[in-house]
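J.: Turn this into a structure:
(chains A and B)
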Number of protein chains: 2
Amino acid sequence: MNDPRPIGVFDSGVGGLTVVRALEELLPHEKLVYVGDTARLPYGNKSAETVTRYSREITRFLAQRNVKVVVVACNTASAFALEALRAEATLPVLGVIDPGVQAALAATRSGRVGIIGTSGTIGSGAYQKLLLHHRPDLVITARATPLLVPLIEENWLDHEVTYCVLREYLRPMEEANIDTLVLACTHYPLLKPALAKLLGQERVLVDSAEACAVSVKRHLDQHGMRAEDGTPGRTELCLTDVPAHFASMARRFLKRPAAPPELVRVESL
Amino acid sequence: MNDPRPIGVFDSGVGGLTVVRALEELLPHEKLVYVGDTARLPYGNKSAETVTRYSREITRFLAQRNVKVVVVACNTASAFALEALRAEATLPVLGVIDPGVQAALAATRSGRVGIIGTSGTIGSGAYQKLLLHHRPDLVITARATPLLVPLIEENWLDHEVTYCVLREYLRPMEEANIDTLVLACTHYPLLKPALAKLLGQERVLVDSAEACAVSVKRHLDQHGMRAEDGTPGRTELCLTDVPAHFASMARRFLKRPAAPPELVRVESL
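T.: Numbering: from 1, shown residues only, chains lettered A, B, ... in the order given. Predicted coordinates for the structure are as follows:
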């Protein structure tokens, strides 16, 4: 069984391109339609109601593009909106949190797990609840780290300031002696080298973007929804605003040049 | 002559409350209606087209609230949208850039002026052009400083990290030996103590929020549009999203507790 329809992916901005990159590697024959809500980013400091409304609007947009599945490549949107999207969508909706939680459970030896993400993601308690649901004995240290996205967008990936900010944010993680850190924001994989330098090689960094791509592949396999082997893959980028430095930013997330994006309007609800 | 109608003020978020605070001090008998576009903030990294559309939508919203003047309390919106707003509005529209430029011209002795602001404001060249229009001999050092708003919203106003970021951002200003620094973003007045510590007391910090309030007062006086002396002032806050920590954030900008905000929708154009 094959399904030639594209996979829909969305995020508040360019961060979800880390999920696109992982999907392109794992599923090279799939077509992808990506929506980055760059006109209204970020989602991480907005209310659950607003993030849910935006997510519903984009899910409708993707449904109109005839996607076979909607991947919520944004931790904040997954934390706030996943249930609402599943309740109203006729399509499967996959998020980043469940895969991130599974990867963290598989990785931790000591049961001491750290989580970093936006204020919205951490404040929602979504990761914490799901981790504890599976393993009530876990010791979880969660912290909102709102400066990391701006630092990444400034491209200060190996900058003194970034290490200074990370040391501050990671202090409670060090004190709690975590062995696993969940990167609960699709921007954060770009900080893996800096995080590894500070945390040491023994600690596991759980990349929710990679974990999400693996879960999408599993879903397509289980439901006979893969595109035919041999069909050429393709990624279409739709943005609600085209910011000045989009091309260079996208390249850092995709690790390849991006095709010119399509400027789109999503209908308000 | 008196005009009892309120003054309309808007910004992408809470930063413009520094303008509200200055207006409340200068014009205690005026009613103010403030719109913070918290559902779509920030504006500083979005395109001119998108920022202009948002600004037009909010100006229409304020016109429906029967304001007597629209104050664009956002440097990015002033840089990108002021002309478009003036072209279509039947109301006077006042921005922050012209007052900031006048204040900088009055302050500088050496003619060496620095400007810090969002990527949008600095990239637009609006301050640079207007300063050079008045004094072509100025030596201007302008830098986009996108990490400052997140640092302020994190409330790290006197934090090691903030000094580290500021030192990095101010390096070209030090090298150029500026005597005046324009704070071309309504968030930045909260960093005045940190900036003064780094730059020393001889350098002048031009606060575009204060300068803007002075220009509003002058406009009302010149056109006989002040509210009657003795009428009680009042500030209404309208937000397009109510974020989790609004009350504590607003308090820092207003230097007083804020009344509960009204959640509003602005119509799309």
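
J.: Using PDB, write down the CA coordinates of the host helix or strand of residue A:55.
T.: If you go by DSSP states H and E, residue A:55 is part of helix A:48-64. C-alpha atoms of helix A:48-64 as PDB (Å, rounded to 0.1, in the frame of the first residue of the first chain):
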ATOM      1  CA  ALA A  48      -2.700  28.300  25.300                       C
ATOM      2  CA  GLU A  49      -5.900  29.800  23.700                       C
ATOM      3  CA  THR A  50      -3.900  31.800  21.100                       C
ATOM      4  CA  VAL A  51      -1.500  29.000  20.300                       C
ATOM      5  CA  THR A  52      -4.400  26.500  19.900                       C
ATOM      6  CA  ARG A  53      -6.200  28.900  17.600                       C
ATOM      7  CA  TYR A  54      -3.200  29.400  15.400                       C
ATOM      8  CA  SER A  55      -2.500  25.600  15.300                       C
ATOM      9  CA  ARG A  56      -6.100  24.900  14.300                       C
ATOM     10  CA  GLU A  57      -5.900  27.500  11.500                       C
ATOM     11  CA  ILE A  58      -2.700  26.000  10.100                       C
ATOM     12  CA  THR A  59      -4.000  22.400  10.400                       C
ATOM     13  CA  ARG A  60      -7.000  23.500   8.200                       C
ATOM     14  CA  PHE A  61      -4.600  25.100   5.800                       C
ATOM     15  CA  LEU A  62      -2.600  21.800   5.500                       C
ATOM     16  CA  ALA A  63      -5.800  19.800   5.200                       C
ATOM     17  CA  GLN A  64      -6.700  21.900   2.200                       C
END
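
J.: Enumerate the positions of that helix that are buried.
T.: For helix A:48-64, a neighbour-count test (16 or more other CB atoms under 10 Å in any protein chain shown) marks A:48, A:50-62 as buried. In short, each C-beta sits where N, CA and C put it, glycine included.

J.: again with stretch A:81-91
T.: A:81-82, A:84-86, A:89, A:91.

J.: repeat for stretch A:153-167
T.: For stretch A:153-167, by 16+ other CB under 10 Å, it's A:153-154, A:156, A:159, A:161-162, A:164-166.

J.: next one: stretch A:198-216
T.: A:198-199, A:203-213, A:215-216.

J.: now it: mean pLDDT?
T.: Stretch A:198-216 shows a mean pLDDT of 96.

J.: Could you do stretch A:4-15 as well?
T.: 97.

J.: follow-up on the earlier one: which of the buried residues of stretch A:81-91 lies closest to residue B:191?
T.: Closest approach between these and residue B:191, by CB to CB: residue A:81, at 34.3 Å.

J.: Quick check, the closest one in contact with residue A:72.
T.: Yes: using CB atoms under 8 Å, residue A:81 is in contact with residue A:72, at 7.1 Å.

J.: list the residues that contact both of those two?
T.: residue A:55 (CB atoms under 8 Å, 6 or more residues apart in numbering or on different chains).

J.: Endpoint to endpoint, stretch A:142-162 covers what distance?
T.: By CA to CA, to the nearest Å, the extent of stretch A:142-162 from end to end equals 19 Å.

J.: now the residue in the stretch 151-269 of chain A that chain B sits nearest to, what's its secondary structure?
T.: Ranking the residues of the stretch 151-269 of chain A by distance to chain B (CB to the nearest CB) places residue A:241 first, at 4.4 Å. In three-state terms, and counting by DSSP: H, G, I helix; E, B strand; the rest coil, residue A:241 is coil.

J.: Let me see the confidence value for the closest residue to it other than its chain neighbours.
T.: Using CB to CB, 6 or more residues apart in numbering or on different chains and skipping the chain neighbours, the partner closest in space to residue A:241 is residue A:39 (3.8 Å). For residue A:39, the model assigns a pLDDT of 98.

J.: Repeat that for the one 4 residues further on.
T.: pLDDT recorded at residue A:43 is 97.

J.: can you pull the contacts of it?
T.: Counting by CB under 8 Å, 6+ apart, residue A:43 has contacts A:12, A:37, A:51, A:54, A:74, A:76-77, A:118, A:120.

J.: Just say helix, strand or coil for it.
T.: coil.

J.: ok, which residues in the stretch 151-269 of chain A are in contact with chain B?
T.: Residues of the stretch 151-269 of chain A lying near chain B by CB under 8 Å from any CB of the partner chain: A:151, A:153-154, A:159-161, A:164-165, A:168, A:240-245, A:268.

J.: swap the cut-off to 10 Å and go again
T.: A:151, A:153-154, A:156, A:159-169, A:239-246, A:249, A:263, A:265, A:267-268 (CB under 10 Å from any CB of the partner chain).

J.: Inside helices: which ones of these?
T.: Secondary structure defined by DSSP state H assigns A:151, A:153, A:160-169, A:246, A:249 of those to helices.

J.: farthest pair in these?
T.: For those, the farthest-apart pair by CB to CB is A:167 and A:246; their separation is 31.0 Å.

J.: Phi, psi for the nearest residue to residue A:219 once chain neighbours are set aside please.
T.: Counting by CB to CB, 6+ apart, residue A:219 lies nearest to residue A:94, which is 6.1 Å off, once chain neighbours are set aside. When read as degrees, to the nearest 10, the backbone of residue A:94 gives phi -110, psi 140.

J.: Also residue A:117?
T.: phi -170, psi -170.

J.: Next: the one 3 residues further on.
T.: Here the main-chain torsion angles of residue A:120 (degrees, to the nearest 10) amount to phi -60, psi -50.

J.: Apart from its neighbours in sequence, what residue is nearest it?
T.: residue A:76 (4.1 Å).

J.: same check, this time on residue A:105
T.: Closest to residue A:105 by CB to CB, 6+ apart is residue A:134, at 5.6 Å.

J.: so who does the one you found touch?
T.: When contacts are counted by CB atoms under 10 Å, 6 or more residues apart in numbering or on different chains, residue A:134 touches A:101-102, A:104-105.

J.: Same question for residue A:122.
T.: A:44, A:75-76, A:79, A:115-116, A:128, A:142-146, A:184-185.

J.: what about residue A:25, how many residues close to it?
T.: Residue A:25: 11 surrounding residues under other CB atoms under 10 Å in any protein chain shown.

J.: Which of the three states applies to it?
T.: Going by three-state DSSP: residue A:25 is helix.
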